[in-house]
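Enquirer: Structure, please.
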Amino acid sequence: MPLDHRRLRGPDESQPPALWAAGAEEDEAGAGEGEAAAPPRDPCALRPLFARAGLLSQAEGSAYVELSGGTKVLCAAWGPREAAEPGGTAAAAAGGRLACEFRRAPFSGRGARPRPGGAAEREAAAALREALEPAVRLARYPRARLAVSALLLQDGGSALAAAVSAASLALADAGVEMYDLAVGCALCRDPGDPAGPWLLQPGEAEERRAAARLTLALLPALNQVSAVLGGGRGGDPEGWGQALRLGLDGCHRLYPVLRQSLLRAARRRDAAHSA
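Expert: Residues are numbered from 1 along each chain as shown. Predicted coordinates for the structure are as follows:
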């Protein structure tokens, strides 16, 4: 079997450089000596978000989203292009088709490297497509195919929610007609307190020990939920309803940040054309 010499195979396991930093060792030593723990964070507080559209020249649309705490997602969008199906199908004749891909970089998280194209990546790609399809006007692209690729560079928690926001920005940057931007927001519940508050935009450590998780996508201008993905022991139905209300509020607060990044990308494009 011929070898792919153009691909650099990374190690099966990778660790972030912070593990070897002196500051991390001091923090661990301080915790072992019984020093005062950090105060609990506000469960309704949003992690600072940075978003920028129009980064990649090789793609028709692109976006980069970073959450404070280490989550970094890069998305690219292509299309519309002619569908590969010969003659088209009834569904393709009625509207276009959105193909989504979700990949994790070998160095994106701690522990064993996930297998490329595994069940976790396929599930995330299906959730990404479910969140984006209601936002795209696929009926305006009959017999056409739109493609979105999301690459998780670093997993610091709330990765799927960040991918939804980045992919929506990439589609809008590509000039695809959309009803609205799809904004993603994630929540989780601490297993130590099943009746406690939901945490908005949890970090990687909080997600790892969570008893229940919830990720939702919202079209804020239409006030329409495009996708809900959750599971675990979240308590009674009222607890899940509380999580939905908190997540919707978080999406509305993130919406202006994404819109401003899209406007700045349009201004940069206009300035480049006029120069």
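
Enquirer: Please report how far Asp199 lies from Gly231.
Expert: For the record, residue 199 is Leu, not Asp. From Leu199 across to Gly231, the span is 16 Å (C-beta to C-beta, to the nearest Å). Placement of C-beta: from N, CA and C, glycine included.

Enquirer: Equivalent analysis for Glu133, please.
Expert: From Glu133 to Gly231 the distance is 21 Å (C-beta to C-beta).

Enquirer: Looking at the two, which is more packed in?
Expert: Glu133 (17 against 9; other C-beta atoms under 10 Å).

Enquirer: Who does the helix or strand where Arg52 lies pair with, and is each partner parallel or antiparallel?
Expert: Assessed by DSSP states H and E, Arg52 sits inside strand 49-53. For strand 49-53, sheet partners with direction are given as strand 61-67 (antiparallel), following DSSP bridges.

Enquirer: what's near enough to touch the spatially closest residue to Pro197 that is not a sequence neighbour?
Expert: What sits nearest to Pro197 in space, not counting adjacent residues and going by C-beta to C-beta, 6 or more residues apart in numbering, is Pro43, at 4.2 Å. Neighbouring residues of Pro43 by C-beta atoms under 8 Å, 6 or more residues apart in numbering: 197-200, 246.

Enquirer: Phi first, then psi, for Pro43.
Expert: Here is the backbone geometry of Pro43 (degrees, to the nearest 10): phi -60, psi -20.

Enquirer: what's the answer for Trp240, then?
Expert: The phi and psi values for Trp240, taken as degrees, to the nearest 10, are phi -70, psi -40.

Enquirer: Leu214 is in contact with that one, correct?
Expert: Yes - when contacts are counted by C-beta atoms under 8 Å, Trp240 is listed as touching Leu214 (7.4 Å).

Enquirer: Please tell me how far the nearest residue to Gly230 once chain neighbours are set aside sits from Leu248.
Expert: Nearest residue to Gly230, sequence neighbours excluded (C-beta to C-beta, 6+ apart): Leu214, at 3.8 Å. Between Leu214 and Leu248 the distance is 11 Å, computed by C-beta to C-beta.
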